[in-house]
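Colleague: this one's structure only:
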């Protein structure tokens with residue numbers, strides 16, 4: 001068999017593999033979307049609000065605002081008496097994501113005494129790690145995870161691996177103002193899930209990678 005013929009066969013196999021991978025990515029994106037819409041909160045000891053980025057002046061961005069407001073809705077409905085705001089202070093930001101989250105909660109009528117700040121986490125993996133430590137220190141057994149719906153499936157995998165007992169509630173996609181941003185976020189989640197699988201397969205200790 002000539003080299004050129006072997007090369008064509010290998011290219012054909014490679015193209016088929018790429019096509020299968022693209023189909024898998026589309027199916028995974030659809031699953032992430034459907035999973036995010038299906039979250040059902042259950043009464044718990046605490047609501048955990050996953051952090052999101054701040055603007056340069058330290059004001060909360062749209063993602064953190066809608067997550068905190070959604071958590072406040074759950075608190076008003078009596079799902080849990082306390083909330084944990086997660087998120088560290090990013091580079092060149094005047095305060096932590098957790099502090100900005102707490103500000104939104106207070107504006108929504110949540111008393112200061114019901115809010116606990118976790119200000120060390122820089123990623124979803126660290127959200128889970130440090131929130132678990134806060135829960136253990138307070139003797140809390142159950143939680144509700146609050147984040148954007150596109151982020152809920154990955155958050156579920158990570159918090160489950162940390163051994164927490166929790167239910168979930170995703171911010172409805174309709175509250176995301178820009179549909180193109182939502183589609184971009186779904187695609188980003190597919191990339192992040194690939195990275196998460198890689199980290200777990202090779203048992204890496206990495207818990208934070210910028211932009212993921």
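Modeller: Thanks, I have the structure now. If you're wondering where the values come from, they're calculated on a predicted model, not measured in any experiment.

Colleague: So what does residue 163 look like in phi/psi?
Modeller: Phi and psi for residue 163, reported as degrees, to the nearest 10, are phi 80, psi 20.

Colleague: Residue 144 and residue 50: what is the separation?
Modeller: 11 Å (CB to CB, to the nearest Å). The way it works is simple: take the backbone N, C-alpha and C, and place the C-beta from them, glycine included.

Colleague: Same drill for those two, tell me which one is more crowded.
Modeller: For the pair residue 144 and residue 50, the greater number of neighbours falls to residue 50 (29 against 25), based on other CB atoms under 10 Å.

Colleague: Surely residue 83 is within a strand?
Modeller: Yes: with DSSP: H, G, I helix; E, B strand; the rest coil as the criterion, residue 83 is part of a strand.

Colleague: now the nearest residue to residue 95 once chain neighbours are set aside, what's its secondary structure?
Modeller: Once flanking residues are discounted, residue 95 sits nearest to residue 58: 5.0 Å by CB to CB, 6 or more residues apart in numbering. Under three-state DSSP, the three-state class of residue 58 is coil.

Colleague: Tell me where the protein has helices.
Modeller: All helices of the chain, identified by DSSP state H, fall at 3-37, 62-76, 97-107, 124-138, 152-161, 179-201.

Colleague: Next, format these as CSV and append mean neighbour count.
Modeller: Putting the helices of the chain into CSV (neighbours: other CB atoms under 10 Å) gives the following:
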stretch, mean neighbour count
helix 3-37, 12
helix 62-76, 21
helix 97-107, 22
helix 124-138, 19
helix 152-161, 20
helix 179-201, 15
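
Colleague: Tell me which of the ones you listed sits nearest to residue 173.
Modeller: helix 179-201 (5.8 Å; CB to CB).

Colleague: now that closest one and helix 3-37, what's the angle there?
Modeller: Per axes from the mean of the first three to the mean of the last three CA atoms, to 10 degrees, the angle that helix 179-201 makes with helix 3-37 is 110 degrees.

Colleague: Let me know how buried residue 151 is, in neighbour terms.
Modeller: By other CB under 10 Å, 24 other residues sit near residue 151.

Colleague: residues contacting it?
Modeller: Applying CB atoms under 8 Å, 6 or more residues apart in numbering to residue 151 gives the contacts 36, 50, 124, 170, 185, 189.

Colleague: quick revisit: from what I can see the residue nearest to residue 95 touches residue 100, true?
Modeller: Yes: using CB atoms under 8 Å, residue 58 is in contact with residue 100, at 6.8 Å.

Colleague: Would you mind measuring from the residue nearest to residue 95 to residue 97?
Modeller: Residue 58 is 10 Å from residue 97, by CB to CB.

Colleague: and if you look at residue 6?
Modeller: 54 Å.

Colleague: same check, this time on residue 79
Modeller: Counting by CB to CB, the gap from residue 79 to residue 97 is 22 Å.

Colleague: swap in residue 63?
Modeller: 10 Å.
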